[in-house]
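1. sequence plus the predicted model coming up.
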Amino acid sequence: MRLHHLLPISFGFSFTLSTATSHEAAYDYIIIGGGTTGLLLANRLSSLPTTTTLVIDPGKDIRNNPNVTNPTLWLRNAHTEIDWAYPSTPQPHALNRTVSYTAGRILGGTSMINGMTYIRADSPEINAWEALGDMRR
C-alpha cells in the first residue's frame, strides 16, 4: 500500500507519504484535494495492500507553523499563504461590500486552520442525506 502526495508529511495515517519527485506510471486512485474528506478517502483506499493512491493538493508543509500547530492562534491564519480567502460577490444589502471566506490552503484543508471548531449538522440536513438514499440497499 502506497500513497503519494506533493509533500513529505505524516499525520499518523497508516500509509506512506512521499514527495512529488516519486512518480508511478499509473495510480489506482487519484484524489484531488487533501482536505479532511480527501485524506479520509485516501486513507481508506490506501489500506488495500494492492492499490496505489495519489493525493494532489496545492498545500505547503506546515508542520512548523505555530498558527496551525497551536489551535489558540487560529485567527492569525486569515489572509495568509495558507488561506484561500475566497471573496464573495458584492452584497447589495451591505453597500456592495464583499466578504472573505477562509478556507485552508494546506494539507488537511480548513480543518487545519479552524481552531478545532466542530459544528454538527442539524436534523433536516441529516434527513436530507438519508432521503438521497443509501446505495448499499
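-> Good, I have the coordinates. Numbering: from 1, shown residues only.

2. list the buried residues for the helix or strand encompassing residue 45?
-> According to DSSP states H and E, residue 45 maps onto helix 36-46. For helix 36-46, burial by neighbour count (16 or more other Cβ atoms under 10 Å) applies to 38-39, 42-43, 45-46. C-betas here are computed from N, CA, C, even on glycine.

3. restricting to C-alpha, output that helix in PDB.
-> The C-alpha trace of helix 36-46 is given here as PDB (Å, rounded to 0.1, in the frame of the first residue of the first chain):
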ATOM      1  CA  THR A  36     -10.500  16.300   5.600                       C
ATOM      2  CA  THR A  37     -12.600  14.200   3.200                       C
ATOM      3  CA  GLY A  38      -9.800  13.700   0.600                       C
ATOM      4  CA  LEU A  39      -7.400  12.400   3.300                       C
ATOM      5  CA  LEU A  40     -10.000  10.200   4.800                       C
ATOM      6  CA  LEU A  41     -10.800   8.700   1.400                       C
ATOM      7  CA  ALA A  42      -7.100   8.300   0.700                       C
ATOM      8  CA  ASN A  43      -6.600   6.600   4.000                       C
ATOM      9  CA  ARG A  44      -9.400   4.100   3.300                       C
ATOM     10  CA  LEU A  45      -8.300   3.400  -0.300                       C
ATOM     11  CA  SER A  46      -4.600   3.000   0.600                       C
END
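
4. and that helix, what's its mean pLDDT?
-> Per-residue pLDDT values across helix 36-46 average out to 92.

5. who are the packing partners of it?
-> In this structure, helix 36-46 packs against strand 2-5, strand 29-32, strand 52-56, with contacts taken as 3 or more Cβ pairs under 8 Å, 6 or more residues apart in numbering; DSSP states H and E.

6. where does the chain dip in pLDDT?
-> Applying pLDDT under 70 to the chain flags the ranges 1-24, 134-137.

7. tell me the centre residue of it?
-> By Cα atoms, centre = their mean, the chain has its centre lying nearest to residue 35, at 0.9 Å.

8. for it, which non-adjacent residue is closest in space?
-> residue 109 (2.6 Å; Cβ to Cβ, 6 or more residues apart in numbering).
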